[in-house]
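> next one to model:
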Amino acid sequence: MKDNARIVPSAAADPLISSSKVLTQLSKVVPFLVRPKKPEDSIATYSEKSRKIMFLKLGFSIERGPSLIPGGGTGVFVNRGRVRKGQVVALYPGTIYRSFEPILLASINNPFIFRCLDGTHIDGKDWGLSRLVFKSCAGRDRMGPREVADISWLTKNPINPLNVGQYVNNHTKDYPSNVAYQEVELSEGLSHETRSMMPYVNYSGGRGLPNRIVALVATRNIEQGEEILSSYLTLVGK
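Model prediction:
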């Protein structure tokens, strides 16, 4: 198991880039993404527009497809352009549970639970109970007509194309990792419109918009056609 892990000497050494650089990169593309104006508008059309905007702003775009890893199911690929080392490639979406909040029922048979260094959990499963919880929390916290999160990540056509990080597969000996997870606290300076395109809600609610995000940051250059792969296990020294 240890041979398959990403090992860092301390929590302070875990981030690949600064939190401010993560937020700067997100601010280059997220505010320019557009939601459908009417219910009858095709979400697939807007999802495709978003990938084009992503390519224009970041120099690459990503999409889901059959993994190259035997038995890997769905994976995430760079379908256009080139990712540079240190770029944010995707976000890990989901409902945020703080360390003291109940997640037992949602975690049963759920391989999409991401555990943060401080014990916070993010449930990135996009079907079943997890899907219902996310949609319920997003509806609960909605402020009139204003969305508080990108619910479209629960579909095959996310409006924010970054919101597919839960489908990034674990690396293998033959397919080494090219991204690492990075936890970031959101600054208060981000606009509501930008935050509403993020794929996060707080389970408990009542305390404003979520402040935690998990970004997948490239550890090397990633070429067009490559599958994005991470290390599911990070061992952090003291």
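> give the full set of residues in contact with P210.
96, 149, 186, 195, 198, 200-202 (Cβ atoms under 8 Å, 6 or more residues apart in numbering). Heads up, the C-betas are built off the backbone N, CA and C, glycines and all.
> mind checking the longest helix of this protein?
For the chain, the helix with the greatest residue count under DSSP state H is helix 43-58.
> averaged pLDDT, stretch 98-105. What do you get?
Mean pLDDT, stretch 98-105: 88.
> again, but for stretch 23-43
When pLDDT is averaged over stretch 23-43, the result is 85.
> what do you get for stretch 70-86?
96.
> CA atoms only for it, dumped as CSV, please.
Extracted in CSV, the C-alpha atoms of stretch 70-86 (Å, rounded to 0.1, in the frame of the first residue of the first chain):
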residue,chain,number,x,y,z
PRO,A,70,-8.2,-2.3,-16.9
GLY,A,71,-11.3,-2.3,-14.7
GLY,A,72,-11.0,1.4,-14.2
GLY,A,73,-14.5,2.2,-15.4
THR,A,74,-14.9,5.9,-16.2
GLY,A,75,-11.8,8.2,-16.2
VAL,A,76,-11.0,11.8,-17.0
PHE,A,77,-8.9,12.9,-19.9
VAL,A,78,-7.3,16.0,-21.4
ASN,A,79,-9.3,16.1,-24.6
ARG,A,80,-7.8,19.2,-26.0
GLY,A,81,-4.7,21.3,-25.4
ARG,A,82,-1.9,20.7,-22.9
VAL,A,83,-1.8,21.0,-19.1
ARG,A,84,1.3,22.7,-17.6
LYS,A,85,2.8,21.6,-14.4
GLY,A,86,1.2,23.5,-11.5
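> follow-up on the earlier one: now the contacts of P210 in CSV, with secondary structure?
Output for these, formatted as CSV (DSSP: H, G, I helix; E, B strand; the rest coil):
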residue, secondary structure
I96, strand
A149, coil
L186, coil
R195, helix
M198, coil
Y200, strand
V201, strand
N202, strand
